[in-house]
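K.L.:
I would like the atomic coordinates for the input below:
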Amino acid sequence: MSYLIVCSVALFASALTFFSGFGLGTLLLPAFAFIVPIEHAVALTAIVHFLNGIFKVFLVGRHADRGVVLRFGVPAIAASFAGAWVLNRLANAPPLIEYPAFGREFAVSPVKLVVGVILIAFALIEVVPKLRDLQFDRRWMPIGGLLSGFFGGLAGMQGALRSAFLARAGLTKESFIGTGAVIACLIDVTRLGVYASSTYSFAAHFDYPLLTAAVAAAFVGATLGNRWLKKTTMRGVQRIVAVMLFLVGLGLISGLL
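P.N.:
Model (predicted):
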């Protein structure tokens, strides 16, 4: 049953996030946490995310816009460290709202509220006719990268913010997915470097067959996504991104994420 749960989530999430550019970790972490200790789940999710990112680069990396990767990705990586530093400073900040539900305690922090509102605002662009065709000129990419990296380091939602900007950068569907995959892979390399020491300490206790199965399922999901890419329009990709942004934003504002 544990293999079925994890592999099903990995396959579905990988196929879905092939287009959205984010969400694999958000969906896969609870599946792992249902089976293994949370510290193991975090590390296993990061590994699957990273390996699946490399596989996506192999599939669509050739379509990446190098200019956008540099203008957006480099500032994002740099700003993510600043966001993580601020997060450490705000670690003891009291939540705005706390409430019990489903046998658990949920809390809404100021940071997650701000990021949630930003994501929902981007999602609503898709339903407002005058804003639907809004695009960001490439000169704004460094600023988008800084904001994405900073709030990503602060709230762990870098992928959502990245997709929110790149979906309006005037890229083709192939270039949007390829560019996002390359930037995500670069950020994952940085993130895994931070996790490396803590991950190594309990790596001997990992369920490696489960990890292998999850990685394989994620690869299958990415492969299916790549096949469906030919049948998808950029407008369709933007709609998928908008729906995902709304759901993640709602999750942050409600304290569920």
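K.L.:
neighbours around residue 128, how many?
P.N.:
Per other CB atoms under 10 Å, the neighbour tally for residue 128 reads 9. Quick note: C-beta positions are derived from backbone N, CA and C, even for glycine.
K.L.:
hang on, residue 242 packs against residue 122?
P.N.:
Yes - counting by CB atoms under 8 Å, residue 242 does reach residue 122; the two are 7.5 Å apart.
K.L.:
right, and residue 41 touches residue 25 too?
P.N.:
No - with contacts counted by CB under 8 Å, residue 41 stays clear of residue 25, the gap being 10.4 Å.
K.L.:
Could you report the pLDDT at residue 67?
P.N.:
pLDDT recorded at residue 67 is 90.
K.L.:
Quick check: it touching residue 138?
P.N.:
Yes - between residue 67 and residue 138 there is a contact under CB under 8 Å: 6.9 Å.
K.L.:
element containing the residue nearest to residue 162 when sequence neighbours are not counted, please.
P.N.:
The shortest distance from residue 162 to any residue other than its chain neighbours is 4.7 Å, reached at residue 148 (CB to CB, 6 or more residues apart in numbering). Using DSSP states H and E, residue 148 sits in helix 141-155.
K.L.:
Can you report how many residues lie near residue 31?
P.N.:
The number of residues packed near residue 31 is 20, by other CB under 10 Å.
K.L.:
if I pick it, what's in contact with it?
P.N.:
Going by CB atoms under 8 Å, 6 or more residues apart in numbering, residue 31 touches 5, 6, 9, 10.
K.L.:
least trustworthy helix or strand in the chain by mean pLDDT?
P.N.:
Every helix and strand in the chain was compared by mean pLDDT, DSSP states H and E; the lowest is helix 173-201, with a mean of 78.
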